[in-house]
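A.B. asks: let's see this in three dimensions:
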Amino acid sequence: MALTFVGMEVAAGLSAPAANRWWWIGGITIFSALALLSLISQGNGATPLTSEGMEFHTFFSRRTVPWSEIAGIEERCRTRRSGTWSDVRVVRVQGRALTVPGVFTARWHDPKFEAKLATIREYRERAAER
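C.D. replies: Below is the predicted model of the structure:
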């Protein structure tokens with residue numbers, strides 16, 4: 001990912017007129033820094049499960065989603081030229097779906113990822129029984 005943004009900066013620096021060059025390079029640098037921070041925050045985040053709901057902890061935010069607001073837990077697989085990775089999303093009754101911090105993998109049939117997904121689904125089932 002970082003090499004893609006560096007390549008974009010080099011291409012913008014070489015192709016843009018001299019007066020606009022620094023705007024392009026600065027814009028791409030800021031965008032790539034934000035994308036990298038988002039990726040690090042999502043990867044290093046944590047999601048403690050409680051009897052009341054899921055607590056999403058990232059570098060930038062803390063959010064609690066009660067079990068009653070969760071309509072489903074889904075695994076999302078995305079394939080790009082660089083590879084395939086999977087993450088887990090919480091589908092809410094109202095509002096947009098949320099990606100669960102700290103639960104993703106870049107490998108097929110990753111036992112740790114599958115165990116985390118099973119644990120989340122198990123907690124949700126227990127909360128639905130109450």
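A.B. asks: okay, and the residue nearest to V93 when sequence neighbours are not counted sits in which element?
C.D. replies: The shortest distance from V93 to any residue that is not its chain neighbour, by CB to CB, 6 or more residues apart in numbering, is 4.8 Å, and that residue is A71. The C-beta positions use only the backbone N, C-alpha and C, and glycine is treated the same way. Per DSSP states H and E: A71 is located in strand 70-80.
A.B. asks: OK, contacts around the residue nearest to V93?
C.D. replies: In this structure, A71 makes contact with V91, R92, V93, judged by CB atoms under 8 Å, 6 or more residues apart in numbering.
A.B. asks: cool, S41 as well?
C.D. replies: For S41, the contact set (CB under 8 Å, 6+ apart) comprises T58, F59, F60, P101.
A.B. asks: ok, and the most crowded of these?
C.D. replies: Neighbours here are counted as other CB atoms under 10 Å. On that basis the top member of the contacts of S41 is P101, with 23 neighbours.
A.B. asks: quick one: average confidence on the biggest helix by length in the chain?
C.D. replies: Looking only at the chain and at elements set by DSSP state H, the helix with the highest residue count is helix 21-44. The predicted model gives helix 21-44 an average pLDDT of 78.
A.B. asks: and what of stretch 78-89?
C.D. replies: In this model, stretch 78-89 has a mean pLDDT of 85.
A.B. asks: ends of it, what's the gap?
C.D. replies: Counting by CA to CA, to the nearest Å, the length from the leading to the trailing residue of stretch 78-89 is 13 Å.
A.B. asks: in it, what's buried?
C.D. replies: Across stretch 78-89, burial judged by 16 or more other CB atoms under 10 Å covers W85, S86, D87, V88, R89.
A.B. asks: and which of those residues is nearest T50?
C.D. replies: Within the set of the buried residues of stretch 78-89, V88 lies nearest T50; the separation is 17.0 Å, counting by CB to CB.
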